[in-house]
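> fold the following.
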Amino acid sequence: MKTEKTKIRLNKYFMVLSLSFIVFLIIAALYNGFPQFRAFETASLDFRYKLKTFFEKDLLKIRKNSIYNRIAIAAIDDNSILDNGGWPFDRKVWADTLNTLSDSPNVPDLTFFDIVFTDPSRNPESDKAMKEAFKNFKGTLGEDIILDIIPGINVTELNKGSEESLETMTNFIISHCLDYNSPRIRALRRFEINYTNQIAITPYPIVSPLLEELPGYLGFIGAANIESREKSSRADPSIPFILPAIFKVKDNNGNYSVTNIYYPSIVLAIVIKELHADISDVLAGNHELIIKNALYNGRRIDFKIPVDENYNMNINYKSGPGTSYIKIIPFEKIATTTLPPDCILFVGMYSRKGSRDLYQSPFGEMYGVEHLCYAIGTILSRDFLYEVPDWVNLAFILLLTLSVGLLTARGLRITIGAGAPLAILLPVAAGSVLFQFNIIIATLIPIMSGILAILSVQIYMLFTEEKEKSFIKTTFSSYLNPKLVDILIQNPERIQLGGEDKEVTVLFSAIKNLHDLTGGMGAKDLIGFLNEYFSMMTDIVMETSGTLDKYIGDSVMAFWGAPVDNPGHAFNACNAGLKMLEKVHIFNKGRQEKGLDPIILYIGINTGIIIVGNVGSESQKNYTAIGDSVNLASRLKGLNKFYHTQAVISEFTYDKIKDRVVARELDLTRVKGKLKPVRIYELLDFTE
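Next comes the predicted model:
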């Protein structure tokens, strides 16, 4: 029987695990096949950023890394635009600003203009003044170049399609590309990354270079591209470090073809300068970018930057936009403001009137120049974020989904108390705690998987186990304590309805003088008398956690220890027997006051291994107990008339409770159906 019960339980959990695994497969397919699905992580990552900022800034009051004390932004805000005659500024403004900075006692260590000067202005004299200021600037200047795509054209498809369509697309791209040998592009060559391997990054066919003379006055150049949430499947904006640009090249026959040229991002260009390295020192490794022979904290090292397969890096934002974490100086006050020592100065747009250079961050919209500052801070403080590999995320989701499914299979109480909290709180706790150590693990997607597992398993349980619970309630509610029925409903594995061998204690009770008591009664009075008597006996059986088996004439049959296990079944049965005698004694006082004869009750109790289960026809079954031990209890009940007693128990029952009862040994007797004599005792009272 135990084997059958185990088989049923294993089948149930096999189905639960199968359902949970199917849920995992669906989530895994969405996770791997739909980048948009991963965007669900954005909301949870925003929360983790805010939580980390709260701990570091407000709770623990951790001092910010020294690199952020060196970074400042000259913000071109609304007032700056008004004070300088509108946007774009006359280039004489830039000339005056550079000259003022160059003449100040603390010239910035690096100055980066997040303003692109691609074409001559309407005022040649202003252009000339700006170029002269660039040329004579005492510090190191940098500029960005614009790399862009052709709307509606996917240049990564150049290696696909028919030969005719490829030629058409190539010719279309060539018509938009600049000539690699043109003077303005040749001026950028010393800033190229000499990288011969092909990188699986979308190249940019549109390049807007600087005025021809400017690159000669600059210490670094790079692209200021930022991968926004709208364009990327990543959780937050990231910085691409290597960007391929497409140029057309004419061969000796005068025919054009296209070629990829790699440029650094402006962030990488600034980092190279800060580490006193050269563009030629950059190596692209496996999920890392290496700057060879970099000077960091006074030592020459190979400086490594963790990146993804597209050479993008997550930015570790430390605060929201416009906060004091990064020093922001209005552009019109830059000449009168004392800059930090060894300042890295960013000159960039900080107004919606002049530009839409805004990207989402974990703290809301942030101007592009702030994104760049936090990217520089992330690298130079080596405060990198590390995303766990996809297989770790999938393993985490799988284990969580299976665990939640198994807990849900234990019932609604376990689901509410453990399954649901595990599905929600564990991913939140893991994601939040690990993020304090700069580790990004999936959080919201595991929650989704866990909740789907709960719903799936609950639906399965509803359709498969609700019938079983209804059957148990119908079967047992009439002859089992309601509390025990609830136990069976919540734990149906405790019962084997097909029959099983169990050690139980059986009690038979009967009225000795029923004929004398009811001889003059009519049918109505007789039924009323028996109903009152059986109600008293049944209540006692229920109170002592017994199972009412049946009424046989004037007899009551009950047993303890099934279907719910009860280690104290012998004591409970004897307790029920003594309570029955006490109840009848009280009942008899009332009868005697009415001049009626008292009830004389005979009880027999025996403990042994019996078969319990559903017995009967296909249409009508009863949960009952059968076997020699049941017959012995019935025989003991009848022995009371020979020994002038009211409650006889067998040696098998006595041995289990002899330290707790007062009993008198009666005899060693052989009852009908038994070859071996059985020692019997009169049950008198409890020692307690």
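> any idea how far apart the tips of stretch 109-120 sit?
28 Å (CA to CA, to the nearest Å).
> pull out the buried positions in it.
109, 110, 111, 112, 113, 114, 115, 117 (16 or more other CB atoms under 10 Å). Placement of C-beta: from N, CA and C, glycine included.
> flag every buried residue along the helix or strand hosting residue 28.
Secondary structure from DSSP states H and E places residue 28 in helix 2-33. Judged by neighbour count (16+ other CB under 10 Å), helix 2-33 contains these buried residues: 12, 15, 16, 17, 19, 20, 23, 24, 27, 28, 30, 31.
> which stretches of the chain have low pLDDT?
Low-confidence segments of the chain (pLDDT under 70): 1-8, 152-166, 195-201, 228-236, 354, 465-499, 519-520, 614-622, 673-674, 688.
> in it, which residue is closest to the centre?
In the chain, the centroid-proximal residue (CA atoms, centre = their mean) is residue 427; its distance is 3.1 Å.
> look at it and give its secondary structure.
helix (DSSP: H, G, I helix; E, B strand; the rest coil).
> about what we covered before: and which of the buried residues of stretch 109-120 is nearest to residue 204?
Comparing the buried residues of stretch 109-120 against residue 204 with CB to CB places residue 114 closest, at 17.9 Å.
> returning to what we had before: contacting residues around the residue nearest to the centre of the chain?
396, 400, 442, 443, 444, 446, 447, 450 (CB atoms under 8 Å, 6 or more residues apart in numbering).
> one more time with 10 Å, if that's ok
Going by CB atoms under 10 Å, 6 or more residues apart in numbering, residue 427 touches 44, 396-397, 400, 441-450.
> returning to what we had before: could I get the buried residues of helix 2-33 in TSV, plus columns for distance to residue 534?
As requested, the buried residues of helix 2-33 are exported to TSV (distance: CB to CB, whole Å):
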residue	distance to residue 534
12	38
15	43
16	43
17	48
19	47
20	49
23	52
24	56
27	58
28	61
30	63
31	64
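> alpha carbons of the strand ranked longest in the chain, as CSV, please.
Taking DSSP state E as the criterion, the chain has its longest strand at strand 601-616. Presented in CSV, the C-alpha positions along strand 601-616 are these (Å, rounded to 0.1, in the frame of the first residue of the first chain):
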residue,chain,number,x,y,z
LEU,A,601,-23.2,-0.5,28.8
TYR,A,602,-20.7,-3.2,27.7
ILE,A,603,-17.4,-2.1,26.0
GLY,A,604,-14.7,-4.1,24.3
ILE,A,605,-11.3,-2.6,23.2
ASN,A,606,-8.5,-4.2,21.3
THR,A,607,-5.3,-3.0,19.5
GLY,A,608,-3.8,-4.7,16.5
ILE,A,609,-3.0,-4.7,12.8
ILE,A,610,-6.2,-4.5,10.7
ILE,A,611,-7.2,-3.6,7.1
VAL,A,612,-8.8,-0.2,6.7
GLY,A,613,-10.2,1.2,3.5
ASN,A,614,-13.3,1.6,1.3
VAL,A,615,-15.4,-1.5,1.3
GLY,A,616,-18.6,-2.0,-0.5
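> for it, which positions count as buried?
For strand 601-616, by 16+ other CB under 10 Å, it's 601, 602, 603, 604, 605, 606, 607, 608, 610, 611, 612, 613.
> I figured the fourth one hits residue 629, correct?
No - the criterion here is CB atoms under 10 Å, and residue 604 misses it with residue 629 at 11.4 Å.
> between those two, what contacts are shared?
506, 650.
> how close does residue 72 get to residue 63?
18 Å (CB to CB, to the nearest Å).
> the two: who's more crowded?
Comparing residue 72 with residue 63 by neighbour count (other CB atoms under 10 Å), the higher total belongs to residue 72, at 22 against 10.
> that's a helix at that one, yeah?
No - looking at residue 72 with three-state DSSP, it is strand, so not inside a helix.
> and residue 109, what is it in contact with?
By CB under 10 Å, 6+ apart, the neighbours of residue 109 are 70, 139, 140, 273, 274, 339, 340, 341, 342, 343, 344, 345.
> brain fart, residue 71
Taking CB under 10 Å, 6+ apart, one finds 110, 325-327, 340, 343-346, 370, 372-374, 376-377, 380 in contact with residue 71.
> now do residue 103
Applying CB under 10 Å, 6+ apart, the residues near residue 103 are 138, 335.
> the stretch 401-550 of the chain: strands as residue ranges?
439-440, 500-511, 547-552 (DSSP state E, counting those that start in this stretch).
> tabulate those in a markdown table, adding columns for distance to residue 421 and mean neighbour count.
Below are the strands of the stretch 401-550 of the chain laid out as a markdown table (distance: least, CB to CB, whole Å; neighbours: other CB atoms under 10 Å):
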| stretch | distance to residue 421 | mean neighbour count |
| --- | --- | --- |
| strand 439-440 | 23 | 18 |
| strand 500-511 | 36 | 24 |
| strand 547-552 | 36 | 18 |
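> and the helices in the stretch 401-550 of the chain?
Per DSSP state H, counting those that start in this stretch, the stretch 401-550 of the chain carries helices over the ranges 412-414, 420-436, 444-476, 482-490, 514-518, 523-543.
> what's the neighbour count on residue 324?
So residue 324, with other CB under 10 Å, has 8 neighbours.
> now it: which helix or strand?
Short version, using DSSP H and E: residue 324 is in no helix or strand.
> who's in contact with it?
residue 64.
> is it true that residue 132 touches residue 99?
Yes - counting by CB under 10 Å, residue 132 touches residue 99, with 8.9 Å between them.
> returning to what we had before: the longest strand of the chain versus strand 547-552: what angle between them?
Counting by axes from the mean of the first three to the mean of the last three CA atoms, to 10 degrees, strand 601-616 points 100 degrees away from the direction of strand 547-552.
> same for strand 601-616, what does it pack against?
Applying 3 or more CB pairs under 10 Å, 6 or more residues apart in numbering; DSSP states H and E, one finds that strand 601-616 contacts strand 500-511, strand 555-560, helix 569-593, strand 621-626, helix 628-643, strand 647-650, helix 651-657, strand 678-686.
> paired strands for it, with orientation please.
strand 500-511 (antiparallel), strand 621-626 (antiparallel), strand 647-650 (parallel) (DSSP bridges).
> next, format the ones you listed as a markdown table and append distance to residue 260.
Below are those laid out as a markdown table (distance: least, CB to CB, whole Å):
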| stretch | distance to residue 260 |
| --- | --- |
| strand 500-511 | 76 |
| strand 621-626 | 81 |
| strand 647-650 | 96 |
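> among those, which comes closest to residue 392?
Going by CB to CB, the one of the strands paired with strand 601-616 nearest residue 392 is strand 500-511, 46.0 Å.
> residue 391: which element?
Going by DSSP H and E, residue 391 is in helix 390-408.
> next one: residue 454 from residue 402, what distance?
Counting by CB to CB, the gap from residue 454 to residue 402 is 12 Å.
> please enumerate the shared neighbours of these two.
20, 23.
> looking at the two, which has the bigger crowd around it?
Set residue 454 next to residue 402 and count neighbours by other CB under 10 Å: residue 454 wins out with 24 against 18.
> ok, the more buried one to residue 29 distance?
Going from residue 454 to residue 29 by CB to CB gives 20 Å.
> residue 552 too?
From residue 552 to residue 29 the distance is 63 Å (CB to CB).
> show me the contacts for residue 131.
Per CB under 10 Å, 6+ apart, neighbours of residue 131: 91, 95, 117, 211, 212, 213, 214, 216, 217.
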